[in-house]
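# here is my input, please return the structure:
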Amino acid sequence: MKQEVINMGKYRAIPEGYMTVGEVAKKIGITIRTLQYYDKEGVFSPSAVSDGGRRLYTDKDLIKLHQILSLKSLGFSLDDIRGRLISLDTPAEVANALNEQATDIRRKIEALADSLTEIEKLKAEVLQIQTVDFKKYADIIVNLQMKNEFYYLIKHFDDETLDHIRDRFDKESGLAFMNKFNRLSDEVMQLQKDNVPPESERSQHLVKEYWDMIIEFTNGDMSMLPKLMEIGNFDGTKNEWEQKQALANTYLEPALEIYFSKLGVNPFGEETK
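Purely as a prediction, here's the structure:
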């Protein structure tokens with residue numbers, strides 16, 4: 001902004017319509033040093049400078065300063081702010097500037113609301129884990145940021161199983177696996193609702209797909225099965241998803257026994273004859 005020099009002559013009075021840097025700082029509630037820094041960085045310069053070198057500001061400058069402080073509070077750097085400042089020469093431009101600020105604030109509110117939700121959920125998990133386990137905390141945070149609604153299952157896994165999951169799945173494949181798991185669980189629930197016998201072809205076809213999914217998860221490591229069975233035993237369930245899995249397990253257990261019997265194998269022990 002081009003600055004004009006005001007010749008104050010022999011008097012010290014501030015010309016009408018102008019404010020000193022101290023007055024601006026007091027009105028807006030920031031320090032003089034901050035205003036001087038903004039001037040040095042070329043983000044917010046005074047409209048005029050007196051012969052004595054005093055920075056002088058107008059009411060229009062206050063509106064621009066409000067833009068800057070609003071954007072600063074939203075996390076924008078001074079470099080970002082330079083490119084976002086809007087001219088304030090017409091009512092439409094002022095309204096546009098305010099609209100931009102409102103949009104940025106709404107985004108910030110949404111982000112803060114998400115952060116607050118994540119913090120509250122993490123706090124609940126920390127209290128349930130009951131031991132300080134930063135590795136699990138980190139996994140929970142990552143899954144919360146992924147919007148994975150099954151983040152709370154992490155507390156049920158031991159370190160070895162979690163290491164396996166980290167090595168076996170990334171964000172995309174992990175979410176795809178959970179979607180597949182939920183689809184099969186819903187189909188199991190439907191079989192149960194329709195009173196389809198566990199030994200039926202329809203049931204056994206679904207059980208095979210379910211077992212193939214277990215093999216996919218373990219990558220063929222049968223030593224993981226006891227841990228998965230322990231995790232899947234949702235005693236004292238507290239949410240709808242776990243209640244659904246507990247009900248599905250009452251159907252899956254006999255259906256899996258029939259499936260293994262037909263194959264002549266026992267995945268939890270030696271091959272049967």
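# distance check, the most centrally placed residue in the chain against Met229.
By Cα atoms, centre = their mean, the chain has its centre lying nearest to Gln145, at 3.3 Å. Distance of Gln145 to Met229, computed by Cβ to Cβ, to the nearest Å: 30 Å. (Each C-beta comes from the backbone N, C-alpha and C, glycine too.)
# picking up where we left off before, which element is the nearest residue to the residue nearest to the centre of the chain once chain neighbours are set aside on?
For Gln145, ignoring the flanking residues on the chain, the nearest one in space by Cβ to Cβ, 6 or more residues apart in numbering is Glu118 at 7.1 Å. Element membership of Glu118, judged by DSSP states H and E, is helix 91-129.
# which helices and strands does that helix pack with?
Applying 3 or more Cβ pairs under 8 Å, 6 or more residues apart in numbering; DSSP states H and E, one finds that helix 91-129 makes contact with helix 59-73, helix 134-145.
# JSON lines please, covering those helices and showing distance to Gln245.
Supplementary listing: the helices and strands packed on helix 91-129 in JSON lines, determined by distance: least, Cβ to Cβ, whole Å:
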{"stretch": "helix 59-73", "distance to Gln245": "45"}
{"stretch": "helix 134-145", "distance to Gln245": "18"}
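# by mean pLDDT, show me the worst of those helices.
If you rank the helices and strands packed on helix 91-129 by mean pLDDT, helix 134-145 sits at the bottom with a mean of 77.
# CA atoms of it as CSV?
Provided in CSV are the C-alpha atoms of helix 134-145 (Å, rounded to 0.1, in the frame of the first residue of the first chain):
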residue,chain,number,x,y,z
PHE,A,134,1.5,-45.3,23.8
LYS,A,135,1.7,-47.7,20.9
LYS,A,136,-2.0,-48.5,21.2
TYR,A,137,-2.8,-44.8,21.7
ALA,A,138,-1.0,-44.0,18.5
ASP,A,139,-3.0,-46.7,16.6
ILE,A,140,-6.2,-45.4,18.0
ILE,A,141,-5.4,-41.9,17.0
VAL,A,142,-4.5,-43.0,13.4
ASN,A,143,-7.8,-45.0,13.2
LEU,A,144,-9.8,-42.0,14.5
GLN,A,145,-8.3,-39.8,11.9
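# so Ile141 sits right up against Lys123, yeah?
No: using Cβ atoms under 8 Å, Ile141 makes no contact with Lys123, being 11.6 Å away.
# more neighbours: the two, which one.
The neighbour count for Ile141 versus Lys123, taken as other Cβ atoms under 10 Å, is higher for Ile141 (16 against 10).
# let me see the contact set for the more buried one.
Glu118, Leu122 (Cβ atoms under 8 Å, 6 or more residues apart in numbering).
# which stretches of the protein have low pLDDT?
1-13, 227, 230-239, 268-273 (pLDDT under 70).
# quick one, helices of it?
Ranges of helices in the chain, per DSSP state H, are 21-28, 32-40, 59-73, 78-84, 91-129, 134-145, 159-168, 171-193, 201-218, 225-232, 240-263.
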